[in-house]
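Engineer: what would the 3D arrangement of this be:
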Amino acid sequence: MVDGQKILKGGYISPEPEIVISIRDESGVVIDDIEFFKNGFNWDVVNNFDLIQNGILTQIILNPNLSENDRTMSFIASDYLGNVSDTLRLEFFVSQDMKIIDYGNFPNPFKSKTLFSYELTRNIDDFKLSIYTVDGRKIREFKSFDYGINSNLSSIGYHEIIWNGMDDWGDEVANGVYFYKYSLKFEDKNFSSVGKVARTR
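Structural biologist: Numbers count the residues shown, from 1 in each chain. Below you'll find the model as predicted:
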């Protein structure tokens with residue numbers, strides 16, 4: 001887990017992430033045999049991580065300082081019987097700045113539903129996705145706290161939002177072109193991204 005989230009291959013992480021590695025082994029993990037690698041080279045993190053052991057579960061908590069040149073981290077563990085784990089490899093991009101990467105929506109145009117996808121390079125304070133008619137009337141809004149169960153649309157990483165073509169009042173929207181706008185806040189600064197979505201039935 002990175003900053004409390006699972007990340008996709010090539011996802012964005014912050015320069016000072018909290019990385020939690022969970023290892024489950026009935027024979028127990030040999031802490032001194034855990035190997036750490038960064039960008040393909042040995043990574044000396046001795047005494048620079050926290051360790052939590054609870055029965056067969058071991059958790060390692062790292063808080064590294066990363067640069068935009070860092071791209072990969074890898075971890076290998078061994079148990080007391082000499083069994084070696086597969087290599088856990090993370091591939092990522094480090095962003096010093098807040099960015100929203102708008103991947104658009106698919107399908108576009110859509111008939112019954114469409115999926116908006118985006119990625120955040122940092123955890124943000126506030127998020128909403130609004131859909132407008134061409135004359136600027138807002139007809140639908142998605143917010144982090146009311147979209148789905150246990151969803152956090154404002155957390156770092158990749159996200160998807162499904163729109164079923166209904167407005168905020170439960171009515172089907174007509175065929176035509178609409179605008180969508182991501183609006184977010186990070187460290188008291190506002191960010192936005194605008195795109196077009198079309199419906200045809």
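Engineer: please make it C-alpha for all contacts and neighbour counts, starting now.
Structural biologist: Noted.
Engineer: which of the helices and strands in this structure ranks last by mean pLDDT?
Structural biologist: Across the helices and strands of the chain, mean confidence by mean pLDDT, DSSP states H and E is lowest for strand 49-54: a mean of 83.
Engineer: identify the neighbouring strands of it in the sheet and state each direction.
Structural biologist: With DSSP bridges as the criterion, the sheet partners recorded for strand 49-54 are strand 57-62 (antiparallel).
Engineer: so after the strand it pairs with, what's the next helix or strand?
Structural biologist: The helix or strand immediately downstream of strand 57-62 is strand 72-76, counting by DSSP states H and E.
Engineer: hey, what's the residue nearest the centre of the chain bridged with?
Structural biologist: When the chain is reduced to its mean C-alpha position, the nearest residue by Cα atoms, centre = their mean turns out to be Gly157, at 1.9 Å. For Gly157, the beta-bridge partners are Leu120 (DSSP bridges).
Engineer: domain ranges for the protein?
Structural biologist: The chain is divided into the following domains under automatic domain parsing: 11-94, 100-199.
Engineer: dump those domains to TSV, plus distance to Gln5.
Structural biologist: Written out in TSV, the entries for those read as follows (distance: least, Cα to Cα, whole Å):
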stretch	distance to Gln5
domain 11-94	9
domain 100-199	8
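Engineer: worst average pLDDT in these?
Structural biologist: Least confidently modelled of the domains of the chain is domain 11-94, at a mean of 86 by mean pLDDT.
Engineer: assign the residue lying farthest from the centre of the chain to helix, strand or coil.
Structural biologist: Centroid-distance maximum for the chain: Leu81 at 35.9 Å, with Cα atoms, centre = their mean. Recorded secondary structure, Leu81: coil (DSSP: H, G, I helix; E, B strand; the rest coil).
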